[in-house]
Each structure stands twice: as structure tokens, then as C-alpha cells.
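Enquirer: Sequence plus predicted model, see below.
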Amino acid sequence: MSDRRTLQVKQMSGHSGEAPGFGVQREPEVCKLIDTTICIGCKACEVACVEWNDMPFGPTTFDNTYQTMPETRWNFWNLIKFNEHQREDGTVQWLMRKDQCMHCADPGCLRACPADGAIVQYVNGIVDFQQENCIGCEFCVSGCPYDIPKFNPATKKVYKCTLCSDRVGQGLEPACIKACPTGCLKFGTKEDMKYIAEERAKQLRENFGFAQAGVYDPQSIGGTHVVYVLHDASDPERYGGLPKDPVIPWSYTVWKWLAKPVLGTLSLMGLAGVLMHYVSVGPRRPQPEPPLKEGTDVHRG
Amino acid sequence: MSTAVERFDDKARATFDRIGQTEVHEGELLRHRVYTRFLHWMVALFFFLALFSGFGIYLPWLFRWFTPIFGGGPLSRLMHPWFGLGFVLFFGLQMLNWVKPMMWTPADTKWMKNLGQVLGGKEKMEPPETGFFNGGQKAQFWEIVAGSAVYLVTGIILWFGARTFGRWAVAVSYVLHDISAVIMLGGIFIHIYLSTIGEPGTFPAMIRGAVSEAWAWTFHPAWYKEVTGRDPVQACEEARRRGQFESK
């Protein structure tokens, strides 16, 4: 992420409101658009991802489909999921969906992560793992609705797609986008990508007979920074388990951010409690104790 | 408890009595044998290891200064389940060792109703029916039994994670594991306070294994009567007449 804006003056003393010129420079949220209706399953994006991120090419698994392996791996972040869908009239449709981190606006992995600064979300919407801060607890796996974070048992850290934050920070598009030969992958601002996606979905509905065509940008997690155009948006599950309404477990929102600090503080109050008991009521000693001083009594309020 | 457990406990107690020793001097009573003391301190050791290594995972923004003790966050995370297993193992043995004297009796219910008097320091001596353990000790013991069961089940789910047990099992376990920890953390302050400065004379029970007779008739009168055959109140009055006061 570029830091051009960090020294932009926001407000100044003696002036009410924002400083002149503040907000003129646009800080757009980025977005990857994946049009599943144009994808030909060439897997150039898979190769580009592995190459740019300097990961060794591991063995693939053949499961009688065009899919490279059953799911993404800690060193394989970008996978074309291949599914055959039989329509009601008996004809078959090939569904190919590029599976990777969705870069949620409300990231479940970030909510679930207990480690200091192991997961960050940039202003531009990219959700990035900082492996040097990761403690390897794998809570992020349970927070993610897309089963994206993958654990490397050798380094005991979790890895996933970075949306090429290193490239985007320098004004380049992610590696997968650059490799795509069909124009199925596009990259730009969230606003622009949403517009193009909606236009394409409209075109599919009106001109190509895909009555259910639509855009996948689930609002249950505040939207994502990777959006899909689907032939049938009413059933995203058929595209290799894309959840219709992804959810983050309530425990990571209510418990972690609200109840935990409160209850933690309460239990530490136990320490204050016993100390106050000691100085106000005092200890109980084995009996008999020496008699009280002549003419005095236990002072009680 | 079944006889197999009793045989195991008897054997363990005898073995540890051969390894260690408990010196009971004149005017003292045997409180805890070597085996009990060994288990107690192993439980305590693993409890604090698990507690401190868990702190940094529970609330890192408040407790991250605990993680360097274990070599940083990743190592804390790696060691925490093993510390937890140690705690559950030794507490499990202590449970077998203690399950009989920890059985709840009507005297304990009465004791709990009287809790306000005890907290206010208004009662100098325990009620005469208080036995080897009082109601409060038993309540805390059974809380730890229940809490340890929660620790074990949810801990294993968290250990092997969402890839094995599914994301919802982890999300729920995470909350239950923490609640159990918060309750036990609150309880440990009370436990340490009462066994040290809160009720002086208690600590030697878990160190040397012996307590003074005065301590016994004050805090566990029914137990005192059981082992000495003497009336606790009468014994206390006799000591008062002889001028045998506990020093301040």
C-alpha cells in the first residue's frame, strides 16, 4: 500500500473542520472481478500466482476433473474449482471458479486471530497475513467462511492469497490478473468493478438467456474485495462450495471484543477483592487468640 | 469409587510415603500425606504454566508481556496444550485421591448458608460439624473438576482445530475454554489467599503435611474430633485457660 497519504494534513489548529484540500485525493478500495462466464479454465492465474509468490510447484492431484488439486494449499493460493452442473433439461454446464481469498470487508480470520498484528486490513481493502506475528493457533481457519487460510506444519504459520499487496502497493495489478488471457479477471476500484459486474450480469440476463445471472458480493460480511459474476447467482454453492450467506461465528464478534475484556478484568478483581478483605476484615487465626486489650472492643461501624 | 481405584490410590500413597516423609511434631496433626502434596504442587505448577502461556492468547493487548516467558507467541501456543494436559492428568489423579472426602454432605450446605458470617470475620471458629474439608473447599474442588472436563474437551477441539472438528466447534469451544479459565482465575486468588495470609497456619498443611492442633480445632472441628477423640470447643477453652495463645 502506498503511503502517499500518511502526511496529508487532516485538520489544523485555529481552523474548524477539515483542512483545505483534505479528501481531494482519492483512496479507492481495490477489487478483483472474476467473471466465471468467460473463464476457460486455462489455469494461467494458478501458474502466475505460484511464480510471482516464489513458491515451489507441488504435486497435483488428479480426481477425474480439470481441477489441479482438491483445495488450496499453504503454498498454492489460487485454484480453479471445476464443477459439472446438470441442468433440468439434461444438458451439462461446466462451471469454473477461481478460488482464493475473498478479502472480506469484515474479515472473519482477522476477528478470530488472537495474535498481535498477525492479520491486517489495509485501507484499500486487502486483508494480509503478517507471518512474523502469527503464533500458529489456526483460529483464523475457523473464522473464515471460505476455508482459505492454510497451515504450514513446518513453519507453524498460516498463509493465504495477499491479493499481491506487494504489487498493488506499487501500482501494479495482481499477478493472476496480468496472466489472464480472456479478460475474465479484471482489477480496479471496488466501485468500478461493481459497475462492470452489474452491467455484465444484466447483459447475461437480457441477451444470453441466463435469467438468474448476478453478482456475488455477499453483504452478510460487508461485501468482499473479490467479486464474481455468476451464471446463476441464486445458487453459488454449485460453484465449488461458495456460501450464499457467509457468516462469521458470533463468538468472534460478541465474545472476543466485548465479553472477554470485561470478564478478564472481573476475574482480576478477585485479586483486589482478597487484598481488600485482608485489610478490612483481616485474617482468621487459629483459636484461642490473646484476649483483647482491657477496655477496648472490636471496632465495628 | 470402585475398589480398583482405591487399590491404586492406596498403593500410590504407600509408595510416596516410602519416598518422602511427613514429620508430625507434638501438638500437631497429620493433614496431607506425601502423595497428596506431590499431586497438589504438580497441579499448581501446570496450572500456572497453562495460565501464563494462555494469557497472551486470551488478551494479547493486555497480557502479551507474559509470552516472552515461554519464548514468544508461537512457542506459548505450542506449549499451552501440553501444559494443559499436565494439569488435567495430575488433577485427575488428585480427584481420585480426594473424591471420598470431597463428597457433599448436609453440613456443607449449612456451611454455604453461613458464608456471609465467615466472610465478615464474625465467626472465630468453624461450626462443629465442619469436617476434613469445608463446603467452600468442596465447592471449589468440584468447580475445578467440571472446569477441567471443559478444558479437556474444548482444548482438544481447539488444538486440532477447524480442519478436524469444523469451524463452529472451534468457535464455541473457544468461548467455553475462556469461561472456564476466567472462573478458575477468579478462584485461584481466593484459594491462595485463604491458604496463606487469610487463614494463617494453613500453608504448612501442603508443605510439611502437618498442622497445629489449634488450627485443626478452629477450622475443621469435626475432623479434629475424629482423629483425636476430643471435643474441639473444650480443647480450645483448655488452651485458653493454660494461656496457650497463637502468636499474632
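Expert: Perfect, thanks for sending it. Numbering: from 1, shown residues only, chains lettered A, B, ... in the order given.

Enquirer: So what sits opposite the nearest residue to A:Pro107 once chain neighbours are set aside in the bridge?
Expert: Nearest residue to A:Pro107, sequence neighbours excluded (C-beta to C-beta, 6 or more residues apart in numbering or on different chains): A:Val127, at 4.6 Å. From N, CA and C alone the C-beta is placed, and that goes for glycine too. For A:Val127, the beta-bridge partners are A:Gln121 (DSSP bridges).

Enquirer: what about A:Asp183, is that helix, strand or coil?
Expert: Careful, residue A:183 is Gly and not Asp. coil (DSSP: H, G, I helix; E, B strand; the rest coil).

Enquirer: Contact partners for it?
Expert: Shown in contact with A:Gly183 (C-beta atoms under 8 Å, 6 or more residues apart in numbering or on different chains): A:35, A:38.

Enquirer: Same check on B:Ile192?
Expert: Contacts of B:Ile192 by C-beta under 8 Å, 6+ apart are A:Val274.

Enquirer: now it: how far from B:Phe203?
Expert: Look at B:Ile192 and B:Phe203: by C-beta to C-beta, to the nearest Å, they are 10 Å apart.

Enquirer: re earlier: so the residue nearest to A:Pro107 sits right up against A:Val120, yeah?
Expert: Yes - with contact defined as C-beta atoms under 8 Å, A:Val127 counts as touching A:Val120 (7.5 Å).

Enquirer: okay, and the common contacts of those two?
Expert: Here A:Val127 and A:Val120 have A:Leu110 as joint contacts, going by C-beta under 8 Å, 6+ apart.

Enquirer: what's the helix or strand for the most centrally placed residue in chain B?
Expert: Closest to where the C-alpha atoms of chain B average out (C-alpha atoms, centre = their mean) is B:Phe141, at 6.1 Å. Element membership for B:Phe141 (DSSP states H and E) is helix B:135-160.

Enquirer: Now do that helix: which elements does it pack against?
Expert: helix B:73-98, helix B:106-113, helix B:115-119, helix B:167-193 (3 or more C-beta pairs under 8 Å, 6 or more residues apart in numbering or on different chains; DSSP states H and E).

Enquirer: Columns mean pLDDT and distance to A:Cys113 on top of these, output as CSV?
Expert: Shown next, in CSV, are the helices and strands packed on helix B:135-160 (pLDDT from 0 to 100; distance: least, C-beta to C-beta, whole Å):
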stretch, mean pLDDT, distance to A:Cys113
helix B:73-98, 96, 11
helix B:106-113, 94, 42
helix B:115-119, 86, 41
helix B:167-193, 94, 12
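
Enquirer: Rebuild these as a markdown table, extending it with distance to A:Ile177.
Expert: Shown next, in a markdown table, are these (distance: least, C-beta to C-beta, whole Å):
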| stretch | distance to A:Ile177 |
| --- | --- |
| helix B:73-98 | 34 |
| helix B:106-113 | 68 |
| helix B:115-119 | 68 |
| helix B:167-193 | 29 |
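
Enquirer: wait, which of those helices is closest to A:Ala272?
Expert: Smallest distance to A:Ala272 across these (C-beta to C-beta): 8.9 Å, for helix B:167-193.

Enquirer: Now find how far off-centre the closest one is within its chain.
Expert: Here the centre of helix B:167-193 is set off from its chain's centre by 16 Å, with C-alpha atoms, centre = their mean, to the nearest Å.

Enquirer: same question, stretch A:29-47
Expert: Distance of stretch A:29-47 from the chain centroid (C-alpha atoms, centre = their mean) equals 19 Å.

Enquirer: in the helix-or-strand element of chain B with minimal mean pLDDT, what counts as buried?
Expert: Taking mean pLDDT, DSSP states H and E as the measure, helix B:60-63 is the helix or strand of chain B with the lowest mean score, a mean of 82. Neighbour-count burial for helix B:60-63, with 16 or more other C-beta atoms under 10 Å in any protein chain shown as criterion, is recorded at B:Pro60.

Enquirer: Check whether it comes near chain A.
Expert: Yes - contact of helix B:60-63 with chain A (C-beta under 8 Å from any C-beta of the partner chain) involves B:60-62.

Enquirer: where's whichever helix or strand B:Thr36 is part of relative to the chain centroid, distance-wise?
Expert: Element membership for B:Thr36, per DSSP H and E: helix B:34-58. Offset of helix B:34-58 from its chain centre (C-alpha atoms, centre = their mean): 11 Å.

Enquirer: and B:Glu126, how far is that from B:His220?
Expert: 7 Å.

Enquirer: contacting residues for the residue nearest to A:Pro107?
Expert: The neighbours of A:Val127, taking C-beta under 8 Å, 6+ apart as the test, are A:101, A:103-104, A:107, A:109-110, A:119-121, A:163, A:225.

Enquirer: between the residues you listed, which is closest to A:Phe57?
Expert: Proximity of those to A:Phe57 (C-beta to C-beta) peaks at A:Cys101, which lies at 19.9 Å.

Enquirer: Under the pLDDT cut-off, which ranges of the chain? List them.
Expert: Unless you meant another one, I'm taking chain A. Scanning chain A with the threshold set as pLDDT under 70 gives A:1-8, A:25-26, A:295-301.

Enquirer: nope, chain B
Expert: Within chain B, the segments meeting pLDDT under 70 span B:1, B:246-248.

Enquirer: make it 50
Expert: Applying pLDDT under 50 to chain B flags the ranges B:248.

Enquirer: how long is stretch A:49-56 end to end?
Expert: Its first and final residues considered, stretch A:49-56 spans 11 Å by C-alpha to C-alpha, to the nearest Å.

Enquirer: buried set for it?
Expert: Buried-residue list, stretch A:49-56, by 16+ other C-beta under 10 Å: A:49-50, A:52-53.

Enquirer: Equivalent analysis for stretch B:17-28, please.
Expert: For stretch B:17-28, the buried set under the neighbour-count rule, 16+ other C-beta under 10 Å, comprises B:22, B:28.

Enquirer: List the contacts of B:Phe219.
Expert: The contact partners of B:Phe219, by C-beta under 8 Å, 6+ apart, come to A:284, A:286, B:126, B:130, B:134, B:199, B:202.

Enquirer: whoops, I mixed them up, B:Tyr35
Expert: B:Tyr35 is in contact with B:12-13, B:15-17, B:97, counting by C-beta under 8 Å, 6+ apart.

Enquirer: After the helix holding B:Phe141, which helix or strand is next?
Expert: In N-to-C order, the element after helix B:135-160 by DSSP H and E is helix B:162-165.

Enquirer: Let me see the ranges of the helices in chain A.
Expert: Assigned by DSSP state H, chain A shows helices spanning A:44-52, A:108-112, A:139-143, A:165-168, A:175-179, A:190-207, A:250, A:260-280.

Enquirer: Of these, flag the one that's most buried.
Expert: Among the helices of chain A, helix A:139-143 has the highest mean neighbour count (mean count of other C-beta atoms under 10 Å in any protein chain shown), at a mean of 27.

Enquirer: contact partners of it?
Expert: Applying C-beta under 8 Å, 6+ apart, the contact partners of helix A:139-143 are A:107-114, A:119, A:129, A:147, A:149, A:151, A:158, A:248-249, A:252, B:158, B:161-163, B:167-168, B:170-171, B:174.

Enquirer: Run through the residues of the stretch 51-200 of chain A sitting next to chain B.
Expert: A:112, A:114-116, A:133-139, A:141-144, A:151, A:156-157.

Enquirer: Which residue is the nearest non-sequential neighbour of the residue in the stretch 151-300 of chain A positioned nearest to chain B?
Expert: The stretch 151-300 of chain A approaches chain B most closely through A:Pro249 (3.3 Å), counting by C-beta to the nearest C-beta. Using C-beta to C-beta, 6+ apart and skipping the chain neighbours, the partner closest in space to A:Pro249 is B:Ala171 (3.3 Å).

Enquirer: Give me the distance between the one you found and A:Arg111.
Expert: 10 Å.

Enquirer: Report the contact partners of the closest residue to A:Gly136 other than its chain neighbours.
Expert: The shortest distance from A:Gly136 to any non-neighbouring residue, by C-beta to C-beta, 6+ apart, is to A:Lys156 (3.9 Å). A:Lys156 sits next to A:136, B:74, B:78 when contact means C-beta under 8 Å, 6+ apart.
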